[in-house]
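Q: Need a 3D model of the following:
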Amino acid sequence: MEDGGYELVDGGLVEVPMGALSAWVSLRVAKFLLAFIDAHPIGVVFPQDTMLACWPNRTDHFRKPDGMFYSRGRLPGDRPPDGPLKVAPDLAIEVVSPNDNAQNIEIKIGEYFDAGVRLVWVCYPEINTVHVYRAGSDAARLGPNDTLSGEDVLPGFSVRVAEIFDTTLPPL
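A: Numbers count the residues shown, from 1 in each chain. Okay, here's the model as predicted:
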């Protein structure tokens, strides 16, 4: 289970390989979130490969979102635990890879909301869009010219969607 490419879904190992572009986008989202949290210490951000085990009735079920945010007071002692996270995050992030399929993404979104997640961002690197899901509400589709907001989960956070998907290397 230490290998970053697997989740445990109801007792069965499921490979979740991430392509290079998806990993890049995941890192960019984390970069923007970390910069915001450094300036506004309202919580903590976890990167991809962090185990999430917040389904008490499914002890053989672990997911690995491509990013998560917890507001202050959500984690015991406001500290990362040694081991998997057993509390649902406020925000879960999924970055779609070429090996992902729509049904599995929808299942994950449902599981996140069932666990108590308030906001889910699903990033689609191939088409430069982010779908924003809120508990009990319809999804919004954001394109490159739109702004992704943290809404009431990350008050004050915003980034242009185009910046998330920018793969241009900086000049030397």
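
Q: Only C-alpha atoms from now on, for both contacts and neighbour counts.
A: Will do.

Q: Now do G156: how many residues are near it, please.
A: Residues lying near G156 (other Cα atoms under 10 Å) number 11.

Q: Isn't it up against T147?
A: No. At 12.0 Å, G156 does not count as touching T147 under the criterion of Cα atoms under 8 Å.

Q: what are the ranges of the strands in this protein?
A: Counting by DSSP state E, one finds strands in the chain at the ranges 6-9, 12-15, 43-47, 67-71, 91-95, 119-124, 129-134, 140-142, 147-149, 158-160.

Q: who's in contact with E163?
A: Contact partners of E163, counting by Cα atoms under 8 Å, 6 or more residues apart in numbering, are P144.

Q: What's the per-residue pLDDT of it here?
A: In this model, E163 is scored at 95, pLDDT.

Q: can you check A20 too?
A: With respect to pLDDT, A20 has a value of 87.

Q: Name the nearest residue to V9, ignoring sequence neighbours.
A: H61 (4.8 Å; Cα to Cα, 6 or more residues apart in numbering).

Q: I figured C123 hits T129, correct?
A: Yes. C123 is in contact with T129 according to Cα under 8 Å; the separation is 6.1 Å.

Q: Looking at the two, which has the bigger crowd around it?
A: C123 (27 against 20).

Q: Who does the more buried one form a beta bridge with?
A: Beta bridges link C123 to V95, V130, judged by DSSP bridges.

Q: How about the contacts made by it?
A: Under the criterion of Cα under 8 Å, 6+ apart, the neighbours of C123 are V25, I93, E94, V95, V96, T129, V130, H131.

Q: By neighbours, which of these wins?
A: Busiest of the contacts of C123 [other Cα under 10 Å] is V130, holding 28 neighbours.
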